[in-house]
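Enquirer: I would like the atomic coordinates for the input below:
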Amino acid sequence: MSETAETPTLQEISRELPPKIVIPEIKGEMVHLRPATIEDLPRLDELDAYYNASRITGKDPQAERAVVHAWVRRSVAWANGQAASESGVGDPESRRTIAWAVLTDSDHDDDGRIDAADTDNVIGMVFLIDIDGWARSARIQVVLGKDYRGRGYSRDMMPRVMTYGFAPEPSGLGMHRIWVAVPEKNTRSLSVYQSLGFVKTGSSRDALWDAENGRYQDLIVLDTLFDEYDPIRSLDAFGMHVIEDNPGMHEALAMREHSIAIRQRTRTDGAASASANNDADRARRDAFERIGIDPDAVRSSGEGDHTHRDGTSRADAGEQPSPASADAAIDGDSTWPYGQSERKSSKNAWWRNLGLSRKRDNEED
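Expert: Residues are numbered from 1 along each chain as shown. Predicted coordinates:
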């Protein structure tokens with residue numbers, strides 16, 4: 001069967017979300033995720049999870065609490081096969097939500113007891129919200145208890161949730177785009193999202209009120225696309241290991257192997273082509289020399305990216321390859337926005353050795 005017959009086109013992909021979903025459990029190194037329940041909601045109050053919400057999400061704590069309750073109810077309704085309207089807090093555009101409870105069974109602060117024993121190991125929640133089947137788009141958001149921020153939990157869970165979100169159905173949601181919205185003041189979260197491969201695509205001016213400083217602030221929008229996001233690199237950037245039995249990871253690994261094979265084949269074909277081009281160039285130079293013309297004075301018509309639109313050479317203008325081009329060369333023409341130099345090996349993972357006992361109460365990681 002041909003590849004065209006096996007691979008659905010964009011027009012053939014269903015734009016309808018399933019009426020019922022089985023929310024998978026997801027494993028991390030520091031945390032693991034299970035479907036959130038209504039019974040988990042009081043635990044977020046115990047964790048003081050809405051503390052400083054205006055700085056982290058731009059909402060006041062009461063509004064943040066209300067929207068989290070709505071998200072969990074929508075998630076439970078979808079898992080039960082109920083229509084969006086049957087959740088009691090349905091979305092008028094029939095978008096869906098998935099909510100996971102974030103659990104840890106570790107003693108990361110070395111006090112001799114499990115970190116979150118008082119809340120049945122729950123330390124927060126992570127959501128895929130505004131799941132739009134028509135546009136194949138979803139938004140991701142993390143809510144952590146006050147004492148569990150700044151320890152690297154988001155870096156552990158978010159790439160794994162996004163891998164599930166991008167994985168084709170039935171292994172994942174089959175999303176094309178995942179995005180986030182962050183107040184401009186929350187520079188820490190902006191840095192985390194960009195390090196995960198999100199790209200800033202715009203901002204809503206004066207969209208939020210900064211109560212702390214008594215002024216308006218912008219809401220920054222970042223996103224990443226299915227054909228841009230590399231979950232393996234995203235995990236490796238923070239020294240996290242691949243867990244192969246997580247949902248969508250087999251597909252991600254298969255796509256990575258396929259991409260590597262294509263690049264290797266392209267390089268092999270390119271080497272043969274380069275040899276042929278060198279032979280043609282030598283013949284061209286000989287022909288010009290025979291008629292008394294300096295071949296170096298004649299500009300080739302095939303300079304491509306090495307020339308400007310006016311025909312002048314980039315080298316003549318003293319330009320150097322862009323850092324992005326250099327990174328692409330190092331990384332094998334990857335679309336990953338961050339180069340190899342920003343990656344860390346697992347043995348050097350910062351969270352294994354640094355500051356896990358610190359308790360930051362002003363920003364979410």
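
Enquirer: with adjacent residues omitted, what lies nearest to residue 210?
Expert: Closest residue in space to residue 210, ignoring its immediate chain neighbours: residue 217 at 4.5 Å, by CB to CB, 6 or more residues apart in numbering. C-beta here means a position set from N, CA and C on the backbone, and glycine is covered the same way.

Enquirer: count the residues that sit near that neighbour.
Expert: Number of residues near residue 217 (other CB atoms under 10 Å) recorded here: 21.

Enquirer: that one bridge partners, please.
Expert: residue 208 (DSSP bridges).

Enquirer: residues touching it, list them.
Expert: Residues in contact with residue 217, defined by CB atoms under 8 Å, 6 or more residues apart in numbering, are 58, 183, 184, 185, 206, 207, 208, 209, 210.

Enquirer: just the buried subset of those residues, written out for ChimeraX, thanks.
Expert: ChimeraX command restricting the contacts of residue 217 to the buried ones, with burial defined by 16 or more other CB atoms under 10 Å:
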select :58,183,184,185,207,208,209,210
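
Enquirer: return the member of the contacts of residue 217 nearest to residue 72.
Expert: Distance to residue 72 across the contacts of residue 217 (CB to CB) is lowest for residue 58, with 20.3 Å.

Enquirer: if I pick the closest one, what's in contact with it?
Expert: Applying CB under 8 Å, 6+ apart, we find residue 58 in contact with 183, 207, 208, 209, 217, 219.

Enquirer: just give me the neighbour total for the last one.
Expert: Residue 219 sits with 17 neighbouring residues when counted by other CB under 10 Å.

Enquirer: redo the contacts of residue 217 as TSV? Include pLDDT.
Expert: Listed next are these as TSV, based on pLDDT from 0 to 100:
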residue	pLDDT
58	86
183	94
184	93
185	89
206	95
207	93
208	92
209	89
210	86
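
Enquirer: grab the nearest non-local neighbour of residue 212.
Expert: In space, residue 212 is closest to residue 55, 6.7 Å off (CB to CB, 6+ apart).

Enquirer: any idea which helix or strand comes after the helix or strand hosting that neighbour?
Expert: Here residue 55, judged by DSSP states H and E, is contained in helix 53-56. Per DSSP H and E, the first helix or strand lying C-terminal to helix 53-56 is helix 61-79.

Enquirer: which other residues reach that following helix?
Expert: Helix 61-79 is contacted by residues 20-23, 35-38, 40-41, 44-45, 49-51, 53-54, 57, 59, 83-84, 86-91, 96-99, 125, 127, 129, 143 when judged by CB under 8 Å, 6+ apart.

Enquirer: in helices only, show me these.
Expert: Within the contacts of helix 61-79, residues falling in helices by DSSP state H are 41, 44, 45, 53, 54.

Enquirer: now do the helices in the chain.
Expert: Using DSSP H, helices in the chain cover 3-6, 41-46, 53-56, 61-79, 153-166, 187-195, 231-236, 249-290, 323-330, 350-353.

Enquirer: give me the below-cutoff pLDDT ranges for the stretch 51-200 of the chain.
Expert: Along the stretch 51-200 of the chain, the model assigns pLDDT under 70 to residues 107-112, 114-115.

Enquirer: what's across from residue 99 in the sheet?
Expert: Beta-bridge partners recorded for residue 99 (DSSP bridges): residue 127.

Enquirer: doesn't residue 127 make contact with it?
Expert: Yes - using CB atoms under 8 Å, residue 99 is in contact with residue 127, at 5.2 Å.

Enquirer: can you get me a residue count around residue 191?
Expert: A count of nearby residues for residue 191, using other CB under 10 Å, gives 12.

Enquirer: now it: how far from residue 238?
Expert: Distance of residue 191 to residue 238, computed by CB to CB, to the nearest Å: 12 Å.

Enquirer: for residue 207, same thing?
Expert: Counting by CB to CB, the gap from residue 207 to residue 238 is 29 Å.

Enquirer: check residue 103 too.
Expert: 20 Å.

Enquirer: about what we covered before: of residue 99 and residue 127, give the one with the bigger neighbour count.
Expert: residue 99 (27 against 24).

Enquirer: next up, the contacts around the more buried one.
Expert: Residue 99 sits next to 35, 36, 71, 72, 74, 75, 76, 125, 126, 127 when contact means CB under 8 Å, 6+ apart.
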